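# Sequence and predicted structure below; questions after.
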Amino acid sequence: MKKKYVTVFGSSLPKPGDAEYEIAYQLGKKFAEANLNVCSGGFQGIMDAVSKGASENGAEAIGVTLDFYNLTPSKYINREIKCHTLFERLGNLLEIGDAYVVLQGGTGTLVELSLVWEYMNKKMILDKPFACHSKMWKDIVEIMEIQIKKEGRKNGLIKCFDDINELAIYITSSLV
């Protein structure tokens, strides 16, 4: 049976020792222990941390990079997919994922969350396990769910978690 991939989105800014970095590292480790691979944007911060947690524990870590940034990819990715446009990168991140996780991030992460959500809502991809972590995303999701309900669209596509262990259990139990 083909190993499944969890695409993880998040900020490029956290450094080792920062709470956000350590949360992403633990998540990558938990996915590896559940026999899941990870996919991320392939650079530093949360992308580096989740890749490190996964690769150090026997899983594959794919990095989908964008040459526009001219940055050095994470040393923890096992395979790099180089993209030339943001849309190509986003398409690969979506296509590879059997599940999606959104960790702390800024506007880039918001774009990624919105894109996955929109694709599922418009049935452009199948519904897949989709989770976010942090109060910020929980607040955004709650506000958007009101509008989605008003529009008569499907609610509950994203599960929000305060506890990273509960998030990991949700994703792994949905895929294994």
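That came in fine, so what should we check first?

# can you give me the helices for this structure?
Secondary structure of the chain (DSSP state H): helices located at 19-33, 46-55, 86-96, 107-121, 135-150, 164-175.

# mind checking the end-to-end distance for stretch 140-160?
Using C-alpha to C-alpha, to the nearest Å, the end-to-end distance of stretch 140-160 comes to 10 Å.

# hang on, I meant stretch 34-46
20 Å.

# Mean neighbour count, the helices of the chain: which tops it?
Of all the helices of the chain, helix 46-55 has the most neighbours on average by mean count of other C-beta atoms under 10 Å, namely a mean of 29. No exception for glycine: its C-beta is placed from N, CA and C like everyone else's.

# Next, report how far it is displaced from the centre of its chain.
Relative to its parent chain, helix 46-55 has a centroid offset of 11 Å by C-alpha atoms, centre = their mean, to the nearest Å.

# which stretch among the helices of the chain comes nearest residue 11?
helix 46-55 (5.4 Å; C-beta to C-beta).

# Where does pLDDT dip in the protein?
1 (pLDDT under 70).

# Could you rerun that using 90?
Across the chain, the ranges flagged by pLDDT under 90 are 1-2, 68-71, 176.

# In it, which residue is most central in space?
The centre of the chain sits closest to residue 8, judged by C-alpha atoms, centre = their mean, with a distance of 1.8 Å.
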